[in-house]
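S.K.: Need the 3D shape of this:
(chains A, B, C and D)
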Number of protein chains: 4
Amino acid sequence: MQKLRPYLSPILKKLKRGPAVTLPKDAGLIISYTGIGKNSRVIELGSGSGFLTVQFANIVKEVVSYEKREEFLRIAESNAKKVGFENVIFKHRDVLSGIEEQNEDYDLVFCDIAEAEKTVVYALKALRKGGFLAAHCLHVEQARALVIEAKKYFEDVQMIEAIVRDFEVDDRGTRPVHIGLTHTAYLVFARK
Amino acid sequence: MQKLRPYLSPILKKLKRGPAVTLPKDAGLIISYTGIGKNSRVIELGSGSGFLTVQFANIVKEVVSYEKREEFLRIAESNAKKVGFENVIFKHRDVLSGIEEQNEDYDLVFCDIAEAEKTVVYALKALRKGGFLAAHCLHVEQARALVIEAKKYFEDVQMIEAIVRDFEVDDRGTRPVHIGLTHTAYLVFARK
Amino acid sequence: MQKLRPYLSPILKKLKRGPAVTLPKDAGLIISYTGIGKNSRVIELGSGSGFLTVQFANIVKEVVSYEKREEFLRIAESNAKKVGFENVIFKHRDVLSGIEEQNEDYDLVFCDIAEAEKTVVYALKALRKGGFLAAHCLHVEQARALVIEAKKYFEDVQMIEAIVRDFEVDDRGTRPVHIGLTHTAYLVFARK
Amino acid sequence: MQKLRPYLSPILKKLKRGPAVTLPKDAGLIISYTGIGKNSRVIELGSGSGFLTVQFANIVKEVVSYEKREEFLRIAESNAKKVGFENVIFKHRDVLSGIEEQNEDYDLVFCDIAEAEKTVVYALKALRKGGFLAAHCLHVEQARALVIEAKKYFEDVQMIEAIVRDFEVDDRGTRPVHIGLTHTAYLVFARK
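M.R.: This next block holds a predicted model:
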């Protein structure tokens, strides 16, 4: 059985892989659903390996990325450096005890930590009116907890999941590949 | 039966809807799979209603957007104006007779016309080494024709499809909505 | 927007539709995953409109079908009569207070009620060694509760979900329909 | 990476696996969409390993199963014997040259061979009014060719595809498994 290699855009191929990463499959939806662009300022809660950090940095003006585990922070920093992005500020901190940006002027707070629902109040104070809280949740229960908490303060709260399949095109015909990724994450979005 | 309203990011809600549009569901994958960002220059073949044009313009440095039907061109131009983007150049022309940009310096040629495979040779000359040809194909046959033609000149040619489902979260529990979008398009990617 | 009409096999088209029904999409998986056949004896907890009752009766030797709401029971009985099946015994009873069949000789106990996990102990006593408990759960939380309870007594406990899409085949090409069913139920299976 | 083991119902676990098999995931839909039951008579074109033959035999009155390759026929016969079914007649023949049953009295002709569209005329003569032609097609093009040919003679011609995902339920929460089957086959149904 062949090894499954999820698709990575060119920028990501150079990166070292540490903890679980946010793949282009989900990163794309986070970008397009929140409408962030080159003038946006983004806060990331949980740098992980920095894969999403780099994808954000490629698009937006400024990224602040928090990570509580030092070994992950170093991987993420090293990855951002590798692709030459200078618009990322990494911060070593457990976001469950709060974040520094509380001036309601960020466009997106993205959360990829286990108890995302506990960051809702911090996100609220970091975001401008119309800004988005978004999150990448492995389990249904995590997504649900965040949806319920976010509904107290945000509008247009939604939970989605994407199934992306690759196709084989050859002389015999066209069909989806037989074996592939069947789940990465549930995504949650909430607009302030 | 309730009317189905596919999700639109805030920027798109202001737009007038003409011909079929590329939704955030697919726009996000186009952005993340090709890795375009704020320094990228993009050519769009088929402006349609300009929904993707606007999503590109929000992210990249420059967009050139071709449309052969004048009534669509006007909708797209008006939509781009509505959101205040000035980094889009619209061109009224049938791209099957060629495009002007042939200096191998664009990062992405995105194609949303019926016979995308006929634009492969033009895309090839417009793209820098490492740049992407991408397309939004309604039918399997269109995607297949493009994959086969692109394989002659490009690397890493792939065809994908995304199924994105919305979830309902309420007191009774969590589940996908019963009725929703089951198909928008097959996406094709090819790297020069 | 056209009305969505989920597919029904010929036998089901004659039936009157009351409460939510188990569609062929899920009925098929229940049949094939449990391996029931013409020698099987099945207990159904929750007749509903009798759509699944009829699909079972068409295949197996004997069906016992419980329903606590009298108006549903009448619809189900009338539907079974309409297709002429005489191998179904309907029982008017709330299964949360137990079921009569406790001799460990049934092949399948199928559950389509809200708190399926409360029927696990009754199912256990009704089933032969190797028989299946199966259930149709609308929400993730219901399926999860059943899985957790079933794991205490059963083997090979599994939870699945099927997404079935219809395709359009015409002169323009082949593609899934744009709008369709995106969720019916999670199915749970457990083998004694 | 763990080996992927598609689910098999108890009856199938005893069988020897030769050529590609029709899994319960698709077998169930074939059964429920066509509405076959214990009084049905079925013809199978392409026995393969006999996995579907056995699933049919478990449910219907009589199965006639054609296979042109002798080594497959032997596997299928041996598998049917292993589970003790005596209601299957195996025939060694290439069905592209026709089948013997032409009295319009079968309930289902199921086709699992490469050029299914070439069997439409034989199926037509084998089936009773209201009976079904169904097929398991690996590629889009095969399903399309069959749909187009079937539409000339049959009603309610449809093409579907099922994506079935397994879920993990543990202390951390509930989610689909990360890696799994993303395609087995397109199914085509046509009613006489």
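
S.K.: what does chain A have sitting close to chain C?
M.R.: Residues of chain A lying close to chain C (Cβ under 8 Å from any Cβ of the partner chain) are A:V140, A:I163. In short, each C-beta sits where N, CA and C put it, glycine included.

S.K.: where along chain A do the helices fall?
M.R.: A:10-13, A:24-34, A:51-57, A:70-82, A:120-126, A:140-150 (DSSP state H).

S.K.: So for A:H178, which of those sits nearest?
M.R.: Closest approach to A:H178 among the helices of chain A (Cβ to Cβ): helix A:24-34, 18.4 Å.

S.K.: what's the closest of the helices of chain A to chain B?
M.R.: For chain B, the closest of these is helix A:24-34, at 3.2 Å, according to Cβ to the nearest Cβ.

S.K.: check whether that closest one contacts chain D.
M.R.: No - applying Cβ under 8 Å from any Cβ, one finds helix A:24-34 separated from chain D by no less than 12.2 Å.

S.K.: Could I get the CA-only coordinates of that helix as PDB?
M.R.: Presented in PDB, the C-alpha positions along helix A:24-34 are these (Å, rounded to 0.1, in the frame of the first residue of the first chain):
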ATOM      1  CA  PRO A  24      -3.900  23.500   2.100                       C
ATOM      2  CA  LYS A  25      -7.300  21.700   2.000                       C
ATOM      3  CA  ASP A  26      -8.300  23.500   5.200                       C
ATOM      4  CA  ALA A  27      -6.000  26.600   5.000                       C
ATOM      5  CA  GLY A  28      -7.700  27.600   1.800                       C
ATOM      6  CA  LEU A  29     -11.200  27.500   3.300                       C
ATOM      7  CA  ILE A  30     -10.000  29.500   6.300                       C
ATOM      8  CA  ILE A  31      -8.600  32.200   4.000                       C
ATOM      9  CA  SER A  32     -11.600  32.300   1.700                       C
ATOM     10  CA  TYR A  33     -14.300  32.100   4.300                       C
ATOM     11  CA  THR A  34     -12.900  34.900   6.400                       C
END
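
S.K.: Give me the buried stretch members for stretch A:159-171, please.
M.R.: Buried residues in stretch A:159-171, counted by 16 or more other Cβ atoms under 10 Å in any protein chain shown: A:M159, A:I160, A:E161, A:A162, A:I163, A:V164, A:R165, A:D166, A:F167, A:E168, A:V169.

S.K.: Now do it: distance to the chain's middle.
M.R.: 20 Å (Cα atoms, centre = their mean, to the nearest Å).

S.K.: average pLDDT for it?
M.R.: Mean pLDDT, stretch A:159-171: 98.

S.K.: same question, stretch A:122-142
M.R.: If you average the pLDDT values across stretch A:122-142, you get 98.

S.K.: Go through the helices of chain A and find the least confident stretch.
M.R.: Of all those, the minimum mean pLDDT falls on helix A:10-13 (a mean of 91).

S.K.: buried stuff in that one?
M.R.: Residues A:I11, A:L12 are the ones in helix A:10-13 that count as buried (16+ other Cβ under 10 Å).

S.K.: Can it be said to contact chain B?
M.R.: Yes - using Cβ under 8 Å from any Cβ, helix A:10-13 reaches chain B at A:P10, A:I11, A:L12.

S.K.: Any idea how many residues pack against the closest residue to the first one other than its chain neighbours?
M.R.: Going back to what we said before, that points to A:P10. Once flanking residues are discounted, A:P10 sits nearest to B:G35: 5.4 Å by Cβ to Cβ, 6 or more residues apart in numbering or on different chains. B:G35 has 24 neighbouring residues, counting by other Cβ atoms under 10 Å in any protein chain shown.

S.K.: strands paired with the strand ranked longest in chain A, and their directions?
M.R.: If you go by DSSP state E, chain A has its longest strand at strand A:155-170. If you go by DSSP bridges, strand A:155-170 pairs up with strand A:173-176 (antiparallel), strand A:186-191 (antiparallel), strand B:155-170 (antiparallel).

S.K.: rewinding a little: which among the helices of chain A is found nearest to D:A185?
M.R.: helix A:24-34 (24.2 Å).

S.K.: now that closest one and strand A:155-170, what's the angle there?
M.R.: Relative orientation of helix A:24-34 and strand A:155-170, computed by axes from the mean of the first three to the mean of the last three Cα atoms, to 10 degrees: 140 degrees.

S.K.: does any part of helix A:24-34 sit near chain B?
M.R.: Yes - Helix A:24-34 lies within reach of chain B by Cβ under 8 Å from any Cβ, at A:P24, A:K25, A:A27, A:G28, A:L29, A:I30, A:I31, A:S32, A:Y33, A:T34.

S.K.: neighbour-wise, which of those leads?
M.R.: A:I31 (32 neighbours).

S.K.: doesn't B:T34 make contact with it?
M.R.: No - the pair A:I31 and B:T34 fails to qualify as a contact (Cβ atoms under 8 Å) at a distance of 11.9 Å.

S.K.: Not counting its neighbours along the chain, what's nearest A:K38?
M.R.: B:K38 (3.9 Å).

S.K.: got a pLDDT number for that neighbour?
M.R.: pLDDT at B:K38 comes out at 95.

S.K.: With A:Q2 instead?
M.R.: A:Q2 is given a pLDDT of 49.

S.K.: Output the set of residues of chain A in proximity to chain D.
M.R.: Applying Cβ under 8 Å from any Cβ, we find that chain A lies next to chain D at A:1, A:3-4, A:138-142, A:163, A:165-166, A:172-184, A:186.

S.K.: For A:Y7, give me its contacts.
M.R.: By Cβ atoms under 8 Å, 6 or more residues apart in numbering or on different chains, A:Y7 lies in contact with A:L23, A:P24, A:K25, A:D166, B:Y33, B:Q158, B:I160.

S.K.: rerun that using 6 Å as the cut-off
M.R.: Contacts for A:Y7 were tallied using Cβ atoms under 6 Å, 6 or more residues apart in numbering or on different chains; there are none.

S.K.: residues from chain A in reach of chain B?
M.R.: Counting by Cβ under 6 Å from any Cβ of the partner chain, the positions of chain A adjacent to chain B are A:9-11, A:24, A:27-29, A:31-33, A:35, A:37-38, A:58-59, A:140, A:144, A:147, A:159-167, A:169, A:174.

S.K.: Distance to D:S78 added to the buried residues of stretch A:159-171, as TSV?
M.R.: Output for these, formatted as TSV (distance: Cβ to Cβ, whole Å):
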residue	distance to D:S78
A:M159	49
A:I160	48
A:E161	43
A:A162	44
A:I163	38
A:V164	40
A:R165	35
A:D166	36
A:F167	36
A:E168	32
A:V169	37
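
S.K.: beta partners of the residue nearest to A:H183 when sequence neighbours are not counted?
M.R.: The shortest distance from A:H183 to any non-neighbouring residue, by Cβ to Cβ, 6+ apart, is to D:P176 (3.7 Å). Using DSSP bridges, the beta-bridge partners of D:P176 come out as D:F167.

S.K.: per-residue confidence for D:P176?
M.R.: Taking D:P176 on its own, its pLDDT is 98.

S.K.: who are the neighbours in contact with the residue of chain A found nearest chain C?
M.R.: Residue nearest to chain C within chain A: A:V140 (4.9 Å; Cβ to the nearest Cβ). A:V140 makes contact with B:T174, C:V140, D:T174 under the criterion Cβ under 6 Å, 6+ apart.

S.K.: ok, back up a step: distance of the residue nearest to A:K38 relative to B:L133?
M.R.: Applying Cβ to Cβ, to the nearest Å, the value for B:K38 to B:L133 is 21 Å.

S.K.: A:P19 touches A:G46, doesn't it?
M.R.: No - counting by Cβ atoms under 6 Å, A:P19 stays clear of A:G46, with 9.1 Å between them.

S.K.: Tell me which residues touch the residue lying closest to A:R93 once chain neighbours are set aside, please.
M.R.: Of all residues not flanking A:R93 in the chain, A:Y66 sits nearest, at 5.5 Å (Cβ to Cβ, 6+ apart). Going by Cβ under 6 Å, 6+ apart, A:Y66 touches A:L45, A:K91, A:R93, A:V95.

S.K.: Considering those residues, which possesses the most neighbours?
M.R.: Within these, neighbour counts (other Cβ under 10 Å) peak at A:L45, which reaches 26 neighbours.
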